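Participant: Let me see the structure of the following:
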Amino acid sequence: IVSATMSVVPVPQTVQEAVAPLVDVIGMPVDKVMAITCLFATFPLGFVHRFVPTAIGRYLYGLAVGLFYCWACFGPQMIHPFISSLIVYLIMAVFPYNTKKYVAFGESVQGKNEKDEAVDVPAGKELVVVKRDGDMLLLNLGRGVKAWVNKKGSQVSAVGSGSTVGFLFAFAYIMACHVYRHWTDPYGWTLDFTGPQMMITIKLCTFAFNVSDGRRAAAALDKRQSKLAIKSLPNILEYFSFIFFFGGFVSGPAFEFMDYKRFVERTAFSSGRVPWGFKHSLSALVVGLISAGGALASDIYPVSRCAEQDFINANSFVMRYMYMWFSVSLTRFRYYMGWKLAEGGCLMAGFGMEEDKDGKVTAGITKNVDVFGVELAPSLSAAIRNWNMGTQSWLVHYVYKRFPASKMVKLIATNLASAMWHGIYPGYYATFLSAAIWTNVVPVASKIQNMLIPASLHRITSTLGTTLVLNYLTCWFLLLRLETGYEAMKSVYFCCHILSVALMVIGPMLPRSKKKTA
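Facilitator: Modelled structure (predicted):
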């Protein structure tokens, strides 16, 4: 007999029937039971991955298990990750590149402009070739300046817009998926394919840019880009194994193709072998299990209670605010559980270990959250850096740094991309807008702290202030709805919003810090 707790979820009927006893014992919806089951299964399956003898075998194993996870959790919805990934692959395979009109120099050289005056040509910058005359190139240096330069030392850049097209397609696809989810499950918490699709979107965007970087002149790349550049388009097996690798499929983290390739082909370490890393894996497992307790407690103290009128009427301002802080803190443990279990499973396979130039091995590539870094953060920016680290890296390196605009426009575009990537719920945008305002007034708050509070207490007051503001802002994010979030904020008198406005007004009135003189 199929359990009555089953709901309309993407999990195939045969899988629902198979796990029905487990669903009854745990008392959770089948979609969440399947996700948690896959996360725990990654530990033994990751251990087996270590002993697959060949690179092709490891690519196949990682892909096969990932495809099974995808089918078991999302059934026919697995077509979305496949189709979107295939289209981005084809874009990067067939999109035209111009290999003749761009060059870059490994070091600065001198040329002569059309008036026969000496002109410095910068290193590491891709320049348009206007004309050729034997070994001489006429380059466009920008701002109307052109110069003749000897092509010796120049490197050809295959510059094209395939990476931009791939990025925009992947982003448009996830937005369409968010709209579909909002239409089929408005404001619901059912786990469907959009969760993994968000991680795959990051993979597709980074893949497109890394393939593009592999076709550019080495002199035009920074150290990170050079390390992650894909010199030649990988074959279909390598690519889809990267997309569907079971270690990061259910809850992330997203990772770079070249990191995955070096792991599978055993070229990431000087020894040619993957370190055991069991200590790191078990540590992540312990944190994940502890976080599971907090995740279960979050059902007992739901954030939605903050907006319920009977709760608001029955409690004082202090109790309402403290409940908001407590319930949001507990809800974060759901994310900690998923991310730490995924990290531990990857590490059990050996993926996530990295070797520095001195041969020291550390765990970091698959780390998606620093729990203490978030909970004890001395500032909002520090909390954000330690939260969903794979996504933060994507936003910094592939949105902010790649967007051709002024610093302010880059910042706006990055925040907008982050909000859109998360989804279309109004609560997300209210939170990101409020967080942007708070980020701008934090320096004012720090200045007041320096004026009124002894330096020995700064770390304590900074951490306390950060956690109180962070949970207030996050409440609206978790409530999803604009009206529900409004009621929750109203119950605590919009105190943090009013405080942020007050800091904006007070800021210009504060005395300027005296500059130190030698």
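Participant: Identify each buried residue in stretch 81-89, please.
Facilitator: Applying a neighbour-count criterion of 16 or more other Cβ atoms under 10 Å, one finds Pro81, Ser84, Ser85, Val88, Tyr89 buried in stretch 81-89. Every C-beta, even on glycine, is put in place using the N, C-alpha and C of the backbone.
Participant: hmm, I was thinking of stretch 37-53
Facilitator: The neighbour-count check on stretch 37-53 (16+ other Cβ under 10 Å) flags Thr37, Cys38, Leu39, Ala41, Thr42, Phe43, Leu45, Gly46, His49, Val52 as buried.
Participant: Mind checking which of those residues are in helices?
Facilitator: Secondary structure of the buried residues of stretch 37-53 is defined by DSSP state H; positions in helices are Thr37, Cys38, Leu39, Ala41, Thr42, Phe43, Leu45, Gly46, His49.
Participant: Tell me which residues touch the fifth one, please.
Facilitator: What it means is Thr42. When contacts are counted by Cβ atoms under 8 Å, 6 or more residues apart in numbering, Thr42 is found next to Phe246, Gly247, Val250, Leu341, Ala342, Gly344, Gly345, Cys346, Met348.
Participant: Apart from its neighbours in sequence, what residue is nearest the spatially most central residue of the chain?
Facilitator: Closest to where the C-alpha atoms of the chain average out (Cα atoms, centre = their mean) is Thr391, at 0.8 Å. The shortest distance from Thr391 to any residue other than its chain neighbours is 6.5 Å, reached at Ile202 (Cβ to Cβ, 6 or more residues apart in numbering).
Participant: confidence score at the one you found?
Facilitator: At Ile202 the predicted local confidence, pLDDT, stands at 97.
Participant: cool, the one 3 residues further on as well?
Facilitator: Confidence at Cys205, expressed as pLDDT, is 97.
Participant: Find the helix or strand that it is a member of.
Facilitator: When elements are assigned from DSSP states H and E, Cys205 belongs to helix 194-214.
Participant: A strand includes Asp120, no?
Facilitator: Yes - counting by DSSP: H, G, I helix; E, B strand; the rest coil, Asp120 is located in a strand.
Participant: My guess is it contacts Asn113. True?
Facilitator: No - proximity of Asp120 to Asn113 does not meet the contact threshold set by Cβ atoms under 8 Å, at 10.7 Å.
Participant: more neighbours, these two?
Facilitator: Set side by side, Asp120 and Asn113 show unequal neighbour counts under other Cβ atoms under 10 Å, the larger going to Asn113 at 14 against 11.
Participant: could you dump the helix or strand harbouring Asn140 to CSV, C-alpha only?
Facilitator: With elements delineated by DSSP H and E, Asn140 resides in strand 136-142, which encompasses its position. Output in CSV follows, covering the C-alpha atoms of strand 136-142 (Å, rounded to 0.1, in the frame of the first residue of the first chain):
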residue,chain,number,x,y,z
MET,A,136,54.2,44.8,-38.9
LEU,A,137,50.7,45.1,-37.4
LEU,A,138,48.6,48.2,-37.1
LEU,A,139,46.8,47.9,-33.8
ASN,A,140,43.9,49.8,-32.4
LEU,A,141,44.9,50.8,-28.9
GLY,A,142,41.5,52.5,-28.2
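Participant: can you give me the strands in this structure?
Facilitator: In chain order, the chain shows strands spanning 102-105, 109-113, 118-121, 127-133, 136-142, 145-150, 154-156, 353-355, 361-363, with DSSP state E as the criterion.
Participant: Tell me which of the buried residues of stretch 81-89 fall in helices.
Facilitator: When the buried residues of stretch 81-89 are checked against helices (DSSP H), the matches are Pro81, Ser84, Ser85, Val88, Tyr89.
Participant: buried set for the worst-scoring helix or strand of the chain on mean pLDDT?
Facilitator: Sorting the helices and strands of the chain by mean pLDDT, DSSP states H and E puts strand 361-363 at the bottom, at a mean of 79. Of the residues in strand 361-363, those scored as buried under the neighbour-count criterion (16+ other Cβ under 10 Å) are Val361, Ala363.
Participant: Please apply the same query to stretch 302-315.
Facilitator: Residues of stretch 302-315 classed as buried: Val303, Arg305, Cys306, Ala307, Ile312 (neighbour count, 16+ other Cβ under 10 Å).
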